[in-house]
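Student: I would like the atomic coordinates for the input below:
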Amino acid sequence: MKNLKRALCLILVCAMTFGLMIMTTSAADFTDKDEIVNTDAVDTMVALNIINGKDDGSYFDPSGIVTRAEMCKMICVALNGGKDPQLGTTASSYTDTAGTWAAGYIEYCTNLGIVAGRGNGIFDPTGTVTGTEAAKMLLVAIGYDSTAEGFTGANWAIAVNVRANGKDLYEDLEDMDPSAGLTRDNAAQMVYNAINAVMVEYTYSLTTVGGALQSVAKVGDVDNEVTILSKKFDMLTKYGRMVGISYDEDTEKYTYTFDNISDYETADYVNGKLTTKVDYSKYYGMDCKLLYKDNSSKTVYGFTPDDSQVLAEGILNNIGTVKTDSFKFNGTVYDVDDADGTSDTLIYSFCNAGLGTTGLDAGTTSVAAIDAADKPFDCKLIDLDGDGDVDYVIAVPFTVAKVTYVGSTTFTVGTSYKFSDTETFDGMAKGDYVVFTAKANTAKNINTFAAVDSVVKGKATATNSEGSKLTVDGTSYNVYDGAFTAAVGTSYEGMQVVNGFVFKATVTASVSSDDFAVVVAVETAASGVNTYPQAKLLLKDGTKIVVDYDKAASTNSAEVVGGNLAIGDFVSFDKDSDDVYTLTAYQNFTANTTEVKAATDFDGAVTAADFTYDKDGDSTIGSNYIDADAIIFYKNASGSWKVKTGAELAKTNSDITVDVAFFNENSSTGFNSVALAFIKSATAISDSSTFYGYLTGDATLAKNSDDDTVSQVTFWNGTQSVTALCDANYSAGIKYGTDPDSYYNKPVKNSIIVYTLSGDEVCISDIYPVKSTDGTGADLGTVAVKGYSGSILSFYSGTTPNAGAYADTAVTGNWKITDDTVILYVDTENAVGQDDGEVSLADETPASTDADPAYYCNAFYIKDTGTDLALLVIDISNDISDVL
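Tutor: Here you go, the predicted structure:
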């Protein structure tokens, strides 16, 4: 998989077509490549070995200032065809260059008159070079005589800059200050300009001056327009229009097709194709200057635009106010070529097979005729000959589509694709909308998928009359080609935005799961100083809030009995800027299911459906599975309302009555998932998992969040001491009984509780004292450990305790400690839990005899299934007789 990092949402494939500096080899190898401005010049200079990276070569340092020594090296290598000259051992002309790395380069340039010392016998190799100083060196390198041209003396800088401008040494350096230090980036451009400049030579003629015969020098270009490139590098300079691109993935090379490659004087075609590793696709459709060797492989050293330029970039939708000979683009008026009117100023697509209309709608032909479906496409205005007029427009087509499947090796966007054959982006997932650029419209001929620019949601605060534009959160968007009709005041979500166009959007439901509540207290009229009556609402997170509500706005005779809200009403709510609520009540779930569904984004609803418990958590309401994040409002036997999550409901095996449940279709699973439900339960909704605890104190009374009086217990759960409220809806074993000796009705210390969890509350199903009157040993009881080995135990037991001990009557068979067995170590004398302990055999009592043996009780157990133990309680003192 070719994994792309998306910078601009759309044209990651053809970003190079729109001015991004995408380079391979040369400049692209530098870690600071993004700081390089004169990319083409650096590419060529690196390819020619004239300039290289610094230190280990990993970075270019484009803003670094060139030294005199570095400038000498660049010129020396350029004049020697990209190689270091063989200089042998040379004497140094300066006192400060001997033994330095650049000594040979400096002597080479000194010998040719390109450089001179600072005076006093020094050269100052580490001194920096200004643009004008570099220009002087380069002018001498291409043939100018420093003395003849006045490059010395007081006015040397003026003389140099005149000649430098005449030879285009400052081309593409218009913002450079020639009197300032020359950066490495600008030096690359200046040397590039110099090696492409026609070299000069002098001719001499004799003339009489003041009666004396003198030789007069005249400078001019050499014959055949010889340049350093052609003379020293055996380089050809040709010209052609880039009209096609192909890419070889194995060699990682691009092959460019040029139309009418020539040298402007002869029409000699050079096979039409040139191959290089450098990505020059940004020049697609432009006339280029081509530098390459005339060898069998036609080694490329650089492409640069030849008079061609990109006048502006944007999207086709930015073309407006089209007149006969001009049009407006991004607010600026552009003339079209004199020979064409706007109806003849064509729009081409970026197509690697050649200039054409692949990917464009048939209705898009020129700047005067653009189909609505093509308006979001990125484009650039091309001026071929540098006259400032638009010759044609190049656009990059794309589509926006939905990802319907993502696997390990393939994914589906309309059709199935392999990751290995495409370019995608990190995190692409099922349900995403993506920007798809067909391979024919990419430089590498590979189908490319990028993320959309943004996904927006919000209310449309303004639209145009056609509904083709809308404003959300202050930002204006276009609706793509009739994808939907925007309406003021409508809220949208999932707005898939590319280049300012919304390709897909969903109307946000007027009510969501978050906007439902249950009325737990209500006034039917305002009281006291209140302007509005108040209601207490139970929200989805279990919190309760008191709100002012607008009775007139809230009342609907079809929904609110007698025009008044009532406790237990299921309501949706909205509030205004003054925090006054409008409550819409749905008392009759069955009658109003359709209305509720219509007001929400739910896909369906069921009433009076069966709740089916599944031990693995796949419980259902009707045939609908319960989403873990579902909001469940439930009413317990005492009439109180509570809130649970879907995950909590799915784990309970309580007796549930479903009033209404709303579900959505889950595109990922193919099943429906309950998102919101209103139910009743005679018992607490608790986790079906069973837990055990050892009470370390008598139960007390406390108030819960509903202001109900409930029992509060403190117990040891095997790892820590826990204090918790008992669920008021669960009656078994949590209320004080009338019989003070009844262990089953009175939670007292040194008792074992069996419980489940309902949120933070415990639901106690059974209470057993560590002395059990059911001491038959069949299912549970207080016992004396007879035998213990590894995980196997046997017990002494009998029908009744004998002074805190059991007679020599063994519980039938052996018992097994499993991975699921809960073991509680306790100190019954002090009624505290213990972090650890060990199982010990029971001790005989003093009254024990051979004929009538007796043992101290030291354990309590509850069986699981078969001979497996669910619970084993061990007294660390090995004697629980004190509590019997």
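Student: may I see the buried residues of stretch 127-141?
Tutor: Across stretch 127-141, burial judged by 16 or more other C-beta atoms under 10 Å covers 128-141. Where C-beta positions appear, they are placed from N, C-alpha and C, glycine not excepted.
Student: give me the subset of those residues lying in helices.
Tutor: Secondary structure defined by DSSP state H assigns 131, 132, 133, 134, 135, 136, 137, 138, 139, 140, 141 of these to helices.
Student: quick one: the fifth one and residue 178 touch, right?
Tutor: Yes. Between residue 135 and residue 178 a contact is recorded at 6.8 Å, counting by C-beta atoms under 8 Å.
Student: overlap of the contact sets of these two?
Tutor: 161, 164, 170 (C-beta atoms under 8 Å, 6 or more residues apart in numbering).
Student: tabulate those (CSV), appending distance to residue 368.
Tutor: Shown next, in CSV, are the shared contacts of residue 135 and residue 178 (distance: C-beta to C-beta, whole Å):
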residue, distance to residue 368
161, 46
164, 44
170, 39
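Student: pull the CA atoms of stretch 626-643 into CSV?
Tutor: Output of stretch 626-643 as CSV, limited to C-alpha atoms (Å, rounded to 0.1, in the frame of the first residue of the first chain):
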residue,chain,number,x,y,z
ILE,A,626,-28.9,-3.6,22.6
ASP,A,627,-26.2,-1.1,21.9
ALA,A,628,-23.7,-0.9,24.8
ASP,A,629,-24.1,2.9,24.8
ALA,A,630,-27.9,2.8,24.6
ILE,A,631,-29.9,5.1,27.0
ILE,A,632,-32.3,3.0,29.2
PHE,A,633,-34.8,4.7,31.4
TYR,A,634,-36.5,2.3,33.7
LYS,A,635,-39.1,2.4,36.4
ASN,A,636,-38.8,0.2,39.4
ALA,A,637,-41.4,-1.4,41.6
SER,A,638,-41.5,1.5,44.0
GLY,A,639,-42.3,3.9,41.1
SER,A,640,-38.8,5.5,41.0
TRP,A,641,-37.1,6.2,37.6
LYS,A,642,-33.5,5.4,37.0
VAL,A,643,-31.1,5.4,34.1
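Student: now, which of the ones in helices among the buried residues of stretch 127-141 sits nearest residue 342?
Tutor: residue 131 (42.1 Å; C-beta to C-beta).
Student: check contacts around the closest residue to residue 194 other than its chain neighbours.
Tutor: Setting aside the residues directly before and after it, residue 194 is nearest to residue 138 in space (C-beta to C-beta, 6 or more residues apart in numbering), at 4.0 Å. Residues near residue 138 by C-beta under 8 Å, 6+ apart: 75, 164, 169, 190, 191, 194.
Student: among those, which two are most distant?
Tutor: Pairwise distances among the contacts of residue 138 were taken by C-beta to C-beta; the largest, 14.5 Å, belongs to 75 and 164.
Student: give me the sheet partners of the host helix or strand of residue 627 and which way each runs.
Tutor: Using DSSP states H and E, residue 627 maps to strand 624-635. Its sheet considered, strand 624-635 pairs with strand 620-621 (antiparallel), strand 641-645 (antiparallel), strand 672-681 (parallel) by DSSP bridges.
Student: could you dump those strands to JSON lines with distance to residue 485, mean neighbour count and mean pLDDT?
Tutor: Compiled in JSON lines, these are given as follows (distance: least, C-beta to C-beta, whole Å; neighbours: other C-beta atoms under 10 Å; pLDDT from 0 to 100):
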{"stretch": "strand 620-621", "distance to residue 485": "37", "mean neighbour count": "23", "mean pLDDT": "90"}
{"stretch": "strand 641-645", "distance to residue 485": "38", "mean neighbour count": "21", "mean pLDDT": "84"}
{"stretch": "strand 672-681", "distance to residue 485": "28", "mean neighbour count": "22", "mean pLDDT": "84"}
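Student: for those, which one sits closest to residue 34?
Tutor: Distance to residue 34, taken as C-beta to C-beta, is lowest for strand 672-681 among these, at 46.6 Å.
Student: what are the C-alpha coordinates of the closest one, in CSV please?
Tutor: The C-alpha coordinates for strand 672-681 follow below in CSV (Å, rounded to 0.1, in the frame of the first residue of the first chain):
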residue,chain,number,x,y,z
ASN,A,672,-30.6,-3.5,14.5
SER,A,673,-29.3,-1.9,17.7
VAL,A,674,-31.5,-0.4,20.4
ALA,A,675,-30.4,3.2,21.1
LEU,A,676,-33.1,4.3,23.5
ALA,A,677,-35.7,2.4,25.6
PHE,A,678,-38.3,2.9,28.4
ILE,A,679,-38.9,-0.1,30.5
LYS,A,680,-40.2,-1.3,33.9
SER,A,681,-38.7,-3.8,36.2
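Student: distance between that strand and the chain's centre?
Tutor: Put simply, strand 672-681 sits 33 Å off its chain's centre (C-alpha atoms, centre = their mean, to the nearest Å).
Student: which is the next helix or strand following that strand?
Tutor: Downstream of strand 672-681, the next assigned helix or strand under DSSP H and E is strand 691-695.
Student: ok, and what's touching that following strand?
Tutor: With contacts defined as C-beta under 8 Å, 6+ apart, strand 691-695 is touched by 713-718, 722, 747-757, 822, 824, 826, 831, 833, 862, 870-871, 873.
Student: 6 Å instead, please
Tutor: Applying C-beta atoms under 6 Å, 6 or more residues apart in numbering, the contact partners of strand 691-695 are 715, 716, 717, 749, 751, 753, 755, 822, 824, 826, 833, 871.
Student: all helices of the stretch 501-650 of the chain, in order?
Tutor: Ranges of helices within the stretch 501-650 of the chain are 551-554, 589-599, 646-650, based on DSSP state H, counting those that start in this stretch.
Student: return the member of these having the minimum mean pLDDT.
Tutor: Mean pLDDT is lowest for helix 589-599 among the helices of the stretch 501-650 of the chain, at a mean of 49.
Student: just to revisit the earlier point, now the strands paired with strand 624-635 in TSV, with distance to residue 768?
Tutor: Shown next, in TSV, are these (distance: least, C-beta to C-beta, whole Å):
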stretch	distance to residue 768
strand 620-621	35
strand 641-645	28
strand 672-681	26
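Student: residue 391 is nearest to which of those strands?
Tutor: Here strand 672-681 is closest among the strands paired with strand 624-635 (C-beta to C-beta), at 57.6 Å.
Student: for stretch 272-290, measure first residue to last.
Tutor: Its first and final residues considered, stretch 272-290 spans 12 Å by C-alpha to C-alpha, to the nearest Å.
Student: from residue 768, how far off is the residue nearest to residue 194?
Tutor: Distance, residue 138 to residue 768, using C-beta to C-beta, to the nearest Å: 101 Å.
Student: and if you look at residue 167?
Tutor: Applying C-beta to C-beta to residue 167 and residue 768 gives a distance of 105 Å.
Student: ok so, going back, residue 81: which of the contacts of strand 691-695 is nearest?
Tutor: Distance to residue 81, by C-beta to C-beta, is smallest for residue 717 among the contacts of strand 691-695, at 85.7 Å.
Student: next up, the contacts around the closest one.
Tutor: Applying C-beta under 6 Å, 6+ apart to residue 717 gives the contacts residue 693.
Student: quick one, phi psi at it?
Tutor: phi -100, psi 10 (degrees, to the nearest 10).
Student: returning to what we had before: what's the closest of the strands paired with strand 624-635 to residue 146?
Tutor: Ranking the strands paired with strand 624-635 by proximity to residue 146 (C-beta to C-beta) places strand 672-681 first, at 85.0 Å.
Student: re earlier: for the strand holding residue 627, what is the average pLDDT?
Tutor: The model assigns strand 624-635 a mean pLDDT of 87.
Student: which parts of that strand are buried?
Tutor: Neighbour-count burial for strand 624-635 [16+ other C-beta under 10 Å]: 624, 625, 626, 627, 630, 631, 632, 633, 634, 635.
Student: and the third one, how far from residue 106?
Tutor: Distance from residue 626 to residue 106, counting by C-beta to C-beta: 83 Å.
Student: show me the helices in the stretch 1-150 of the chain, by range?
Tutor: In the stretch 1-150 of the chain, the segments counted as helices under DSSP H, counting those that start in this stretch are 39-47, 68-79, 103-111, 131-141.
Student: now, of those helices, which is deepest in the fold?
Tutor: Of all those, helix 39-47 has the most neighbours on average by mean count of other C-beta atoms under 10 Å, namely a mean of 26.
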